[in-house]
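Engineer: task: produce atomic coordinates for the following.
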Amino acid sequence: MKVTTPRLTQHVLTVEGRTSGEPVLFVHGNVSSGAFWRDSMAALPGGYRPLAPDLRGFGDTDPEPVDATRGLRDFSDDLIELAEALGLDGLHLVGWSLGGGVVLQLLRDRPALVRSVTLVNPISPYGFGGTEGPDGTLTHPDGTGSGAGAANPDFVARLKAGDLSGDSPTSPRNVLRSGYVKHPEIPDEDFYLRSMLTTRVGEANYPGDAAGSPAWPGVAPGKHGVLNACAPTHFHLDDLHEIGPRPPVLWIRGADDVIVSDTSLFDLAHLGAIGVVPGSPGTPAQPMVTQTRAVLDRYGRYREVVLDDCGHSPHLERPAEFRRLLAEHVREA
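Structural biologist: Prediction:
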């Protein structure tokens, strides 16, 4: 269905016949859409109303520009307006990867609207790239090493061209196989690939505008677009423990995630440390998982579940366990 608010028109994936019950809002990750939640939504127990919006610039939602200087608030404010337009309250929020950061921002700004939170391999509360240590200390004041300039240009070009091939390691298909999941055998692979290809590519959306830096690796966050919105100079949630009320948080993650990790293969600092990106002065990798745990330890009301032999997408790779954990969490909440 389509829902128009003062900010934009959003496409929301729903399940036929599920128009009442406690709302469960599924928020997708970067370079994807609400379609990635299709099977998880259908498997949700009765008594709940599953909804999966496409974030701005993804799927069939309007490709409104992303003001990265607001961090992830363009996305979270869109969801707040969606909830208001549909008369939703007591939200169960489920956020995967980028969507994990979006739901944490929504929780930070409107805690009274939220009944529970489920984080699925979420980005760090200190953004993606450019920080070190459990407290998210900036490696450089300008956020060097994060932002749109850290995106692989060949992947961006292939994404923009709608590349369906598996000819290159940087094709969307191969990124899906090697980054999104641990094992490349994905049922309905083309379905998820086509969801990835709905991503709007450009300076206003993905990846955003790149900026230079005098420090290695020579890139810093710009002011527009998705990857800049994730940069630590624009997005950081070190005060999450100060909100009230504090609904329960379930943190589910795959043990073998290569995207969100303390040694992420998508973090320029780690790639420099292992010699993939030359010239590294020894900048440490961003300890993404450690940072999330530090923030949630202060928050206090959370449970962490680690799924072995699983990568970045537990809802695709370990669907039965993921659905059981989610159902138990929302029921207890």
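Engineer: let me see the contact set for residue 232.
Structural biologist: Listed by Cβ atoms under 8 Å, 6 or more residues apart in numbering, the contact set of residue 232 reads 126, 127, 128, 129, 130, 131, 136, 138, 143, 146. C-beta: built from backbone N, CA, C; applies to glycine.
Engineer: ok, it to residue 45 distance?
Structural biologist: Separation of residue 232 from residue 45 (Cβ to Cβ, to the nearest Å): 38 Å.
Engineer: what's the answer for residue 19, then?
Structural biologist: 16 Å.
Engineer: and what of residue 207?
Structural biologist: Distance, residue 207 to residue 45, by Cβ to Cβ: 37 Å.
Engineer: I'd guess residue 228 is in a strand, am I close?
Structural biologist: No: checked against DSSP: H, G, I helix; E, B strand; the rest coil, residue 228 lies outside a strand; its state is helix.
Engineer: helix/strand/coil for residue 211?
Structural biologist: From three-state DSSP, the assignment for residue 211 is strand.
Engineer: so in terms of bridging, what pairs with it?
Structural biologist: Beta-bridge pairing for residue 211 (DSSP bridges): residue 220.
Engineer: quick one: pLDDT of the closest residue to residue 243 other than its chain neighbours?
Structural biologist: Spatial nearest neighbour of residue 243, excluding adjacent residues (Cβ to Cβ, 6 or more residues apart in numbering): residue 111 at 4.5 Å. Reading off the confidence values, residue 111 has pLDDT 98.
Engineer: run a quick neighbour tally on residue 111.
Structural biologist: The local packing of residue 111 (other Cβ atoms under 10 Å) involves 15 other residues.
Engineer: same question, residue 257
Structural biologist: The number of residues packed near residue 257 is 26, by other Cβ under 10 Å.
Engineer: what's the answer for residue 275, then?
Structural biologist: Neighbours of residue 275 (other Cβ under 10 Å): 8.
Engineer: and it, its phi and psi?
Structural biologist: Per-residue torsions, residue 275: phi 90, psi 10 (degrees, to the nearest 10).
Engineer: the helix or strand of the chain with the lowest mean pLDDT: which residues count as buried?
Structural biologist: Ranked by mean pLDDT, DSSP states H and E, the weakest helix or strand in the chain is strand 210-212, scoring a mean of 94. Buried residues in strand 210-212, counted by 16 or more other Cβ atoms under 10 Å: 210, 211.
Engineer: residues in contact with that strand: which ones?
Structural biologist: By Cβ under 8 Å, 6+ apart, strand 210-212 touches 142, 147, 148, 149, 218, 219, 220, 221, 222.
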